[in-house]
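*Asks:* Sequence first, then the predicted structure:
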Amino acid sequence: QVQLVESGGGLVQAGGSLRLSCAASGRTFSNYVMYWFRQAPGKEREFVAAISRTGGSTYYLNSVQGRFTISRDNAKNTVYLQMNSLKPEDTAGYYCAASPTYYSGSYRSIDYWGQGTQVTVSS
C-alpha cells in the first residue's frame with residue numbers, strides 16, 4: 001500500500017501561483033510513477049501532469065504546459081506541482097496518484113490516490 005497526502009491548495013487570484021505537495025508513505029516511493037489529476041464540479045477527472053520514477057521525464061496536459069511544473073524529491077518521498085499564471089479554469093480539486101507503471105486507458109486503473117486538495121482561482 002501507498003498512502004498519499006496532498007497539501008498546498010487554497011484561494012488565489014488569477015495570475016497568481018501555488019505549489020502543491022504530495023507526501024507518500026508505505027512502499028518505496030522511487031518505484032512509482034507519480035501523477036497529478038484534477039476534477040472540477042460536474043466534470044470528469046482529468047490528467048494534469050506525470051513524472052517518471054527518477055524524475056527525468058515529465059508530461060503535461062496541453063493547457064497547463066509552460067505554466068505548471070511537476071517535480072519530485074525521492075529522498076523526501078514527495079512530489080510537487082508548481083502552478084504559475086493560474087487561471088479561473090484551473091479551479092478544481094487536485095489529486096496526487098501513484099502507479100508502478102504509466103497508466104493506459106482510464107485513470108481508474110491507477111492504484112493509489114490521495115484525498116485531494118482544493119484550488120480556487122478567482123477572476
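*Replies:* Noted; the coordinates are in hand.
*Asks:* Averaged pLDDT, the helix or strand hosting Ser25. What do you get?
*Replies:* Following DSSP states H and E, one finds Ser25 within strand 18-26. For strand 18-26, mean pLDDT is 96.
*Asks:* what's that strand in contact with?
*Replies:* 1-10, 12, 32, 34, 36, 76-83, 86, 94, 96, 98, 114, 117, 119 (C-beta atoms under 8 Å, 6 or more residues apart in numbering). From N, CA and C alone the C-beta is placed, and that goes for glycine too.
*Asks:* as a whole number, average confidence for the next helix or strand after it?
*Replies:* Per DSSP H and E, the first helix or strand lying C-terminal to strand 18-26 is strand 33-39. Average pLDDT, strand 33-39: 98.
*Asks:* Report all helices and strands that strand 33-39 contacts.
*Replies:* Packing partners of strand 33-39 (3 or more C-beta pairs under 8 Å, 6 or more residues apart in numbering; DSSP states H and E): strand 18-26, strand 46-51, strand 68-73, strand 78-83, strand 92-99.
*Asks:* Same list, these, but as JSON lines with mean neighbour count and distance to Ser123 please.
*Replies:* JSON lines is the format used below for those (neighbours: other C-beta atoms under 10 Å; distance: least, C-beta to C-beta, whole Å):
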{"stretch": "strand 18-26", "mean neighbour count": "18", "distance to Ser123": "16"}
{"stretch": "strand 46-51", "mean neighbour count": "20", "distance to Ser123": "20"}
{"stretch": "strand 68-73", "mean neighbour count": "18", "distance to Ser123": "19"}
{"stretch": "strand 78-83", "mean neighbour count": "22", "distance to Ser123": "16"}
{"stretch": "strand 92-99", "mean neighbour count": "22", "distance to Ser123": "15"}
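*Asks:* I am finished for the moment; much appreciated.
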